[in-house]
Every structure is written in structure tokens, then in C-alpha cells.
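> with the sequence up front, the predicted model follows.
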Amino acid sequence: MGRKTPGLNTSSMSDISFLLLAFFLLVSNINTDQGIARRLPPPLPPNQDKPPEVKERNIFVVKINSKDRLLFNGEVGDISDLKDRAKEFLGNPNNDPSLPEKIDMDIPLLGNMKVSKGIISLQNDRGTSYDMYVAVQNELTVAINEMRNELSYEKFGRKYVDLNDSQAEAIDQAIPIAISEAEPTKIGDKK
Amino acid sequence: MARFTGKKKKETPGLNMGSMSDIIFMLLFFFMTITTMRESSLYITIKVPSATETVKLEKKSLVSYINVGIPMQGEMQKKYGTESRIQLNDMISEVSDIPLFVETEINDRVEADRPFVTFSIKADKDTRMGLISDIKQELRNSGAFKIFYNAAKGTRK
């Protein structure tokens, strides 16, 4: 038998791998991006130059001007009122004739539901700040999420986020994200 | 006599550190797989607006970023000015570059994933909506309908 080969001293190996680990922890990021998801409408077909007409009672117009001020259906408003206005508009609890119509719809899991035909029309200026735009989108999302939560509690006894996929889909159908965006105006454009 | 009097030093056996490095390597691989490397270095500064109703961006491999912000101070500002600009991958770009960008980004994915590609608009909060609207219009015309407004989790105004 030959002589025993002396064992390698591997105690510093772990130090080296620790260094590597620390390096990777520094250069990589786990942070998940957060934000608001939206779906853009497909472009209008070329032979149709005007979108279909919508009755006035079914539209809630939100305008943001180049100074980030808001106009709801022609009246000056504040962003703190936007959520309640949007909820009132989309919900129309007292079937007010000036608020949107509802249509009957059969939705799996929920049965016959009255779905609002209301559309929130969002129009901004080219000079509006992105900050304000996201704030308005956020308020509208708050309104929709609150309504979805209420319906979800009523029907399933749980929060919307805790629902399974088919239940969430049913709620989505009953309360759709009805936000339409108009072409921006060009008053505040510097170019 | 030595057998009785000589104090035999009883050494505590050293801990076997051989597997330590294996454990650390496992940790290393774990972190390497769950994290993503930082995206291409930005030439613009972006402070995203804050929102409360944010959702997490799922499936990072299906996300393409459109960065919008003010060019960094110094060289970049001399070259590109102080107005918000678009950065696609590693280049400061124009709105007219977006259709090509969308096409290459979508074609880079395997066929099954293509309808699910999300374009995340990561824009500075002081950007004017004119630019954002132009971007959205280009995305819409190029068939990219899933978009995402990047925002930080914050408080309501």
C-alpha cells in the first residue's frame, strides 16, 4: 500500500461558497414587480370609423386636464370622491333612471344577475401627469374591487382574492372592469 | 508509569466541515434559480407612481419592459435632453421603434406563450400622458393588448 494521501483542507471552501452566495444575493433581485394590469381594446376595424353609440345614462365621463384637475360628467370634482361616484354609478342600487341600465345575464355559479351596462370613460390630456393617471386608475380599481368583494361575500362568504378560479371568473363577469379610454386631448402638449 | 501519570491530552475531534460547502452550494443554486438577474442597465431614472390596488406581475418570463423616464444626469441628459424618453432593452428609443420591439419580443417566445406576453410600462411619475398614450396606441396597433402599469405599493391620496 502506498502512503495515505493527506486530505485537502476544505474548510475555506465554505467561505468561498458563502462569498459566491453573497455576491448572487446582491446582483439578483427577487422583488416581484407590482402594478395595475389592464387590457387594451383591439384597434377599430378600418371600415368602422365610429365606436358604437352608448346611451348617455350608461356613461360616466372622467376627464383629467393638463393641470391634473378632474371633471366628473362635466362637474369639477376631487379624486377623493371618485371612488364613491364610480361605485354609485356602477352599482346603481336604487335603479335610478339617470344611472346605467342593467341587463339580466345568466352566470354560472351565480345564477341570474343584473349586470350594469355602465361604462366609465376616462379621458386625459397629453399634458396630464402619469402619476395622476395611475392615481385615477387606482381609484377606479378600488371601486371595482370593493364591489367585487361585496358580491363575493354575499354569494360565497369569502373575500374575492380567496375565491377559486371559476368563482372569481363568475364575479368578474358580474362586475366587469368597464373602463374605456378616449383619445387624449392636446391642450397641455408642449410639442 | 507514564501510563498512569502522563496526562494524555484528549483533543476534541474537529467538526467535519466537508459537507458545509455542499450545503452552501445548495443555497447558492437555490437563490440562483429563484431570482432573476437585474435587467439591462437603465440610462433613465424612474420613480414609479404609487397605488394601493396593485397586483403582482406573474410569470416574469412572459413580461417585456418598456421603460419611460428622464435621462440620467450628465452625459445622458446632454445627449437626450431632460424630457422623458423611452428605453427599450439597452437603447433610448422613439415611439416609432415600438412595433418592431413588440414583434421581436413576441417572436422570441415559444409559440404557446405568445398570446400571454405582457408589456409592462414602467414609467416615471412625472411623465406626461401624451407619451404614454402614444406608447399605448403603438402597442394596440401592434397587437399587444396585455399591459401593466408598474406602480409601487403605497397609500391612497
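Okay, I see it.
> what about the helix ranked longest in chain B, near chain A?
For chain B, the longest helix by residue count, based on DSSP state H, is helix B:20-34. Yes: counting by Cβ under 8 Å from any Cβ of the partner chain, chain A is contacted by helix B:20-34 at B:20-21, B:23-25, B:27-28, B:31-32, B:34. Using the backbone N, CA and C atoms, a C-beta is placed for each residue, glycine as well.
> of those, closest to residue B:125?
residue B:34 (29.6 Å; Cβ to Cβ).
> quick check: the gap between that closest one and residue A:85.
From residue B:34 across to residue A:85, the span is 43 Å (Cβ to Cβ, to the nearest Å).
> which of those two has more neighbours?
A direct count of neighbours by other Cβ atoms under 10 Å in any protein chain shown for residue B:34 and residue A:85 places residue A:85 higher, at 19 against 9.
> surely the more buried one forms part of a helix?
Yes: counting by DSSP: H, G, I helix; E, B strand; the rest coil, residue A:85 is located in a helix.
> find the nearest non-adjacent residue to it, please.
Leaving aside its chain neighbours, residue A:85 sits nearest to residue A:72 (5.7 Å; criterion: Cβ to Cβ, 6 or more residues apart in numbering or on different chains).
> quick one on the thing from earlier: now list the buried members of the residues of helix B:20-34 next to chain A.
The neighbour count (16 or more other Cβ atoms under 10 Å in any protein chain shown) marks B:20-21, B:24-25, B:27-28, B:31 as buried among the residues of helix B:20-34 next to chain A.
> farthest-separated two in these?
Using Cβ to Cβ, the pair of these lying farthest apart is B:20 and B:31, separated by 16.9 Å.
> all helices of chain B, in order?
Using DSSP H, the helices of chain B run over B:2-5, B:20-34, B:75-80, B:98-108, B:129-141.
> and for residue B:73, the neighbour number?
Neighbours of residue B:73 under the rule other Cβ under 10 Å: 10.
> mind checking how far it is from chain A?
For residue B:73, the distance to chain A (Cβ to the nearest Cβ, to the nearest Å) stands at 20 Å.
> mind jotting down where the helices sit in chain A?
Under the criterion DSSP H, helices of chain A are mapped to A:11-27, A:79-91, A:130-156, A:165-174.
> correct me, but residue A:177 touches residue A:144?
Yes: using Cβ atoms under 8 Å, residue A:177 is in contact with residue A:144, at 5.8 Å.
> more neighbours: which of the two?
When neighbours are counted by other Cβ under 10 Å, residue A:177 and residue A:144 differ, and residue A:144 comes out ahead with 22 against 14.
> was I right about the more buried one contacting residue A:91?
No: with contacts defined as Cβ under 8 Å, residue A:144 does not count as touching residue A:91, sitting 10.4 Å away.
> quick revisit: now, which of the residues of helix B:20-34 next to chain A sits nearest residue A:17?
Ranked by distance to residue A:17 (Cβ to Cβ), those are led by residue B:24 at 3.9 Å.
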